[in-house]
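Novice: Pasting a predicted model and its sequence here:
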Number of protein chains: 2
Amino acid sequence: MSGEELNIKRTMARQNGIVQPLLTDLYQITMAYAYWKSGKVNDVAVFDLFFRTNPFQGEFTIFAGLEECLKFLENFHYSDSDIEYLRQTLPENIEPEFFAYLKDLTCKDIRVSAIEEGSVVFPRVPLLRVEGPLIVAQLLETTLLTLVNFASLMATNAARYRMVAGKNVSLLEFGLRRAQGPDGGLSASKYAYIGGFDGTSNVLAGKMFNIPVRGTHAHSFVTSFSTLEDLHSVMIGHAETQKSCNLLEMSLEWRKRVSAVIDISPEEASDGELAALISYALAFPSGFLALVDTYDVKRSGLLNFCAVALALHDCGYRAVGIRIDSGDLAYLSVLARETFESIAEAFKLPWFSKLTIVASNDINEETILSLNEQGHKIDCFGIGTHLVTCQRQPALGCVYKLTEINGQPRIKLSQDVGKVTIPGHKEAYRLFGADGHALIDLLQRSSEPAPEVGQKVLCRHPFQESKRAYVIPSKVEHLYKVYWKDGIIYTMPKPLHEVRERVQSSLRTLRQDIKRNLNPTPYKVAVSDDLYNFIHDLWLQNAPIGELS
Amino acid sequence: MSGEELNIKRTMARQNGIVQPLLTDLYQITMAYAYWKSGKVNDVAVFDLFFRTNPFQGEFTIFAGLEECLKFLENFHYSDSDIEYLRQTLPENIEPEFFAYLKDLTCKDIRVSAIEEGSVVFPRVPLLRVEGPLIVAQLLETTLLTLVNFASLMATNAARYRMVAGKNVSLLEFGLRRAQGPDGGLSASKYAYIGGFDGTSNVLAGKMFNIPVRGTHAHSFVTSFSTLEDLHSVMIGHAETQKSCNLLEMSLEWRKRVSAVIDISPEEASDGELAALISYALAFPSGFLALVDTYDVKRSGLLNFCAVALALHDCGYRAVGIRIDSGDLAYLSVLARETFESIAEAFKLPWFSKLTIVASNDINEETILSLNEQGHKIDCFGIGTHLVTCQRQPALGCVYKLTEINGQPRIKLSQDVGKVTIPGHKEAYRLFGADGHALIDLLQRSSEPAPEVGQKVLCRHPFQESKRAYVIPSKVEHLYKVYWKDGIIYTMPKPLHEVRERVQSSLRTLRQDIKRNLNPTPYKVAVSDDLYNFIHDLWLQNAPIGELS
């Protein structure tokens, strides 16, 4: 391993360092003690981790966070200091043998089955099924939820931005400064990339996860220059001939020529801004992408940018484009494109019309939809706050419910039918139609035979008796693989870029009306006839008979 | 240092491990190169870190995150692996001397002045003033923003919950599972405590920050028991006499007696639930706080809880209370309190009427206000999602703006007046009235003399000429202290519990109408006459004269 790799591993270990067994709710540990004390050490349980409602008023969710869950299982271990802390924190009368029991706990007897990371998933279909000793499985709850909830929420949010932006627009995540803590920012960068973003401004995320990083300069860079005298050096070597060029003189000359073409007086443009852009161009002649809204996009920023870009061209370099961070983005992007086109024509430089326009001011899904309607000319969105905080819905409500203990099914009843859990050890299948689209997700008891291609399957709504349909699948996908077994990662999770590809390929199997932004059609999740009857028999056995009085 | 302390330090170091110079936006580094290349290595800058709008439609904010900022400055250093990553990531033509320059960078020439952590703060008043080498000060931007934004948002959110809940209700943070990543959860626990919460369910936060941790059991604990046969042990020693008591027999006996008092048939209560509560009571006889809504609060949970609590009492233990996690919390808490009072009276046990009632289902500020109106009987709220994600506004918009360079003021103009920055090196003072309330925050140029007690001060709106007032302060507080200077923490930040006290004492200096939930009065932030003129002269110098055509 190279020093570089080692250091990245160390940084990741530091980040993972806080993902440890104490990163949990205290009640997991008090419950563990109560179970232990009541002789339930050998009880075996099944827990399902699932959500009840898709986020963002949508009808799909992207499952993410699996790899981090597996790493957590791998490292699950109470340190001496953890045990000492618990000893001080729990009541005095806790039996000391319990701490010895905790000290030796590992996940070796736990089995975790899961849906593939990056898959499209739906309410009530367990994302993870955790089986094994009741106490250990219970102790995993909070941490697994923490690792899955935000990861899946972010990946879903990013995938939604990707859908509204379309395939041909670049999306960059710019949210670190507004993220919920340093690690909130790292997670956001990682899962935004998985969900379909093209890169991030977050350098550490780039280093840790090998994600493309992007960035140019801020307004403060521009305001740090007041006049052309602030330029200490102005010379650049020609890209090919290496001949020395005076970028300031050439830019001033081009500013005059451009101002005539676009009918803006060169006196109106800020000289401080021109100095800043020249300085930036001298540092990054092949990567010249300039912020143009520090003073006035129309009267200063565009003029200065075009002047420097044309001067750079004379030195053998092609500018990349501009960024706009305020104002009416549709109008300004159209204005910028028209300006670039006029210059392309006036100076016979066709490439100039194709310069990149980046927009980055407080953008959310609705802004992009509205910009699409108005007909913008933006090539790339830089998206921060709304993306990384998932402003529209900042939490996914995954829950972790006991569904079986010692082979006996468990049901959690609720006056709210939506909160009734589906009991027992189950399998999940996705049934596809002849056109390749996913038709329905079907939950079955694990004892039932899998649905077969070409065979009619009765799919029932889990709680509404009359809602049923026959489905003849053209393809059947068993949604679970065993990822953790016998104390090791049993199926290796896919690397990040494959998870990212999985998101897009999985989304392609969904019908468009399920994915649309406005009033999407719900995707159906059904239970087999056998599971339906199983649920309702158990429900009747467990529900008290009320009394009218 | 004990092994325990060492281990906590290690965990904190791991958490802080990701707060490193690469946890930043790439553009900070590209700007640093452009500055370096254009000979601005010795330029000296002043940046202000401030926000423009209070969060949550309120009129105040709590400043937090300072201690973490100072630790970041202390550890600021690019590792070899960071440099190597940057070398690979930046364009090929970057001069190698720049990487040598980065490698040696530290914060030794930076000076950071700040408001005391835990203080009430207001829009436009800088929370941090960062002075020193332009390049270094610029490189700090993103990380400082990340550390201040979420910390301050969380502390403010928590303080708002504390205000609506009142002093006599306990508030517990239960949000880890819905937080934005593992560290989002830790930060939420820490800053919720600072903002006025009494504890957290997050065990690691308890260990790392010495915050009280709380928790009992979940629904899954209850559903893991089906019948009374699931109880493997039922005996408990009397608290004083150590005589062995059969908690099951006693609970069953009490269930009959209680059911007569509260007119609920014992047959309606779940035996699985009773078994679970007995099991929990056996483990935590002095800390018996039971979840009572797994099946039916009225017909099962309360009856079972009272039976076990009374049986425990016969064994010399006092139960703590109940938790309700669903349904109509106002109605159920009143029902529970009435039940406790009936039993207190029927069995002559006055303490029973005072049992603790914890409520914990999807609670936010509005829920608490509505419960207050309905007249609830809840003693403690457990608050998760809405608290830790700051659902109502998941980001605070702190910005970091250049205000001076090489002694020359800088102004950032904007078509939106609210976004115009206040230029120059400034001091901030809080002026208090005779009744001890804060009247106004006043920004002045650093060259001006401080306002004096009993002396008339002209306070002006920064942008509206006609808005002015004379203030005669009874007390003047200079808001800044130097916290970082000469490469060391120059003023030690206060420990956590003192910051927590500071929040409450600082809030007490605010008039009630500024703190109220509905239509609060804005607190005034003014500039001195001198600063007013300074801003507007600079504005006119920098704003282009438009042309009507």
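Specialist: Arrived safely.
Novice: List the residues that contact the closest residue to residue A:50 other than its chain neighbours.
Specialist: Computed as Cβ to Cβ, 6 or more residues apart in numbering or on different chains, the closest residue to residue A:50 that is not its neighbour in sequence is residue A:126, at 4.7 Å. Heads up, the C-betas are built off the backbone N, CA and C, glycines and all. The neighbours of residue A:126, taking Cβ atoms under 8 Å, 6 or more residues apart in numbering or on different chains as the test, are A:48, A:49, A:50, A:426, A:428.
Novice: In a markdown table, list those along with secondary structure, pLDDT and neighbour count.
Specialist: What follows is these, written out as a markdown table (DSSP: H, G, I helix; E, B strand; the rest coil; pLDDT from 0 to 100; neighbours: other Cβ atoms under 10 Å in any protein chain shown):
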| residue | secondary structure | pLDDT | neighbour count |
| --- | --- | --- | --- |
| A:48 | strand | 98 | 25 |
| A:49 | strand | 98 | 22 |
| A:50 | strand | 98 | 23 |
| A:426 | strand | 98 | 25 |
| A:428 | strand | 98 | 24 |
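Novice: What parts of the stretch 401-549 of chain A come near chain B?
Specialist: For the stretch 401-549 of chain A, the contact set with chain B under Cβ under 8 Å from any Cβ of the partner chain comprises A:401-402, A:405, A:408, A:410-416, A:419, A:542, A:544.
Novice: go again using 6 Å as the cut-off
Specialist: Residues of the stretch 401-549 of chain A found near chain B (Cβ under 6 Å from any Cβ of the partner chain) are A:402, A:405, A:410, A:412, A:544.
Novice: separation between the third one and residue A:31?
Specialist: Okay, so that is residue A:410. 15 Å (Cβ to Cβ, to the nearest Å).
Novice: more neighbours, those two?
Specialist: For the pair residue A:410 and residue A:31, the greater number of neighbours falls to residue A:31 (27 against 24), based on other Cβ atoms under 10 Å in any protein chain shown.
Novice: wouldn't the more buried one be in contact with residue B:217 here?
Specialist: Yes. Counting by Cβ atoms under 6 Å, residue B:217 is a contact partner of residue A:31 at 4.8 Å.
Novice: Let me know the distance separating the residue nearest to residue A:50 from chain B.
Specialist: 14 Å (Cβ to the nearest Cβ, to the nearest Å).
Novice: Helix, strand, or coil at that residue?
Specialist: At residue A:126 the chain is in coil, as set by DSSP: H, G, I helix; E, B strand; the rest coil.
Novice: Do any residues in the longest helix along chain A lie close to chain B?
Specialist: Secondary structure of chain A per DSSP state H: the longest helix is helix A:141-165. Yes. Applying Cβ under 6 Å from any Cβ, one finds helix A:141-165 touching chain B at A:142, A:145, A:146, A:149, A:150.
Novice: I'd guessed the first one sits against residue A:23; true?
Specialist: Yep, that's residue A:142 we're talking about. No. Using Cβ under 6 Å as the test, residue A:142 is too far from residue A:23 to be in contact (7.4 Å).
Novice: Have a look at those two and say which one is more surrounded.
Specialist: Each of residue A:142 and residue A:23 has its neighbours counted (other Cβ under 10 Å); residue A:142 has more, 26 against 23.
Novice: Leaving out the residues flanking it, which one is nearest to that one?
Specialist: Nearest residue to residue A:142, sequence neighbours excluded (Cβ to Cβ, 6+ apart): residue A:24, at 4.2 Å.
Novice: quick one: secondary structure of the closest residue to residue A:416 other than its chain neighbours?
Specialist: Nearest non-adjacent residue to residue A:416, counting by Cβ to Cβ, 6+ apart: residue B:326, 7.7 Å away. Following three-state DSSP, residue B:326 is assigned to coil.
Novice: Pull out the buried positions in stretch A:233-246.
Specialist: Within stretch A:233-246, the residues that count as buried by 16 or more other Cβ atoms under 10 Å in any protein chain shown are A:234, A:236, A:239, A:245.
Novice: picking that back up, now the buried members of the residues of the stretch 401-549 of chain A next to chain B.
Specialist: A:402, A:405, A:410, A:412.
Novice: Not counting its neighbours along the chain, what's nearest the first one?
Specialist: Spelled out, it's residue A:402. Once flanking residues are discounted, residue A:402 sits nearest to residue B:220: 4.0 Å by Cβ to Cβ, 6+ apart.
Novice: Could you pull up the mean pLDDT of the strand or helix carrying that neighbour?
Specialist: According to DSSP states H and E, residue B:220 maps onto helix B:219-223. Averaged across helix B:219-223, the pLDDT comes to 92.
Novice: If I look at the nearest residue to residue A:268 once chain neighbours are set aside, what pLDDT would I see?
Specialist: Excluding its sequence neighbours, the residue lying closest to residue A:268 (Cβ to Cβ, 6+ apart) is residue A:299, at 4.5 Å. Confidence at residue A:299, expressed as pLDDT, is 92.
Novice: So what's the residue count around residue A:299?
Specialist: There are 19 residues near residue A:299, going by other Cβ under 10 Å.
Novice: returning to that earlier point: list only buried entries from the residues of helix A:141-165 next to chain B.
Specialist: A:142, A:145, A:146, A:149, A:150.
Novice: Verify the stated contact: the residue nearest to residue A:416 with residue B:361.
Specialist: Yes. Between residue B:326 and residue B:361 there is a contact at 5.3 Å, judged by Cβ under 6 Å.
Novice: Neighbour count: the two, which is higher?
Specialist: residue B:326 (19 against 16).
Novice: Quick check: phi and psi at the more buried one.
Specialist: Backbone torsions for residue B:326, taken as degrees, to the nearest 10, come to phi -160, psi 170.
Novice: Look up how far residue A:125 lies from it.
Specialist: With Cβ to Cβ as the criterion, residue B:326 and residue A:125 are 23 Å apart.
Novice: Would you reformat the buried ones among the residues of the stretch 401-549 of chain A next to chain B as TSV and include pLDDT, secondary structure and distance to residue B:178?
Specialist: Below are these laid out as TSV (pLDDT from 0 to 100; DSSP: H, G, I helix; E, B strand; the rest coil; distance: Cβ to Cβ, whole Å):
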residue	pLDDT	secondary structure	distance to residue B:178
A:402	94	strand	20
A:405	94	strand	26
A:410	90	coil	24
A:412	80	coil	19
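Novice: Going by distance to chain B, which of these wins?
Specialist: Chain B lies nearest to residue A:402 out of those, by Cβ to the nearest Cβ, at 4.0 Å.
Novice: where along the stretch 101-250 of chain A do the strands fall?
Specialist: Per DSSP state E, counting those that start in this stretch, the stretch 101-250 of chain A carries strands over the ranges A:111-114, A:120-121, A:128-133, A:170-173, A:199-200, A:235-237, A:244-246.
Novice: Chain B: which of the ones you listed is closest?
Specialist: strand A:199-200 (8.4 Å).
Novice: does chain B sit close to that closest one?
Specialist: No. With Cβ under 6 Å from any Cβ as the criterion, chain B is not reached by strand A:199-200; the gap is at least 8.4 Å.
Novice: Can you pull the domain assignment for chain A?
Specialist: A:17-158+A:394-542, A:216-370 (automatic domain parsing).
Novice: hmm, back to that, what separation do you get for the residue nearest to residue A:416 and residue B:386?
Specialist: Per Cβ to Cβ, residue B:326 is found 16 Å from residue B:386.
Novice: cool, and residue A:44?
Specialist: Per Cβ to Cβ, residue A:44 is found 36 Å from residue B:386.
Novice: of those two, who's got more company?
Specialist: Under the criterion of other Cβ under 10 Å, the comparison of residue A:44 against residue B:386 puts residue B:386 first, with 21 against 15.
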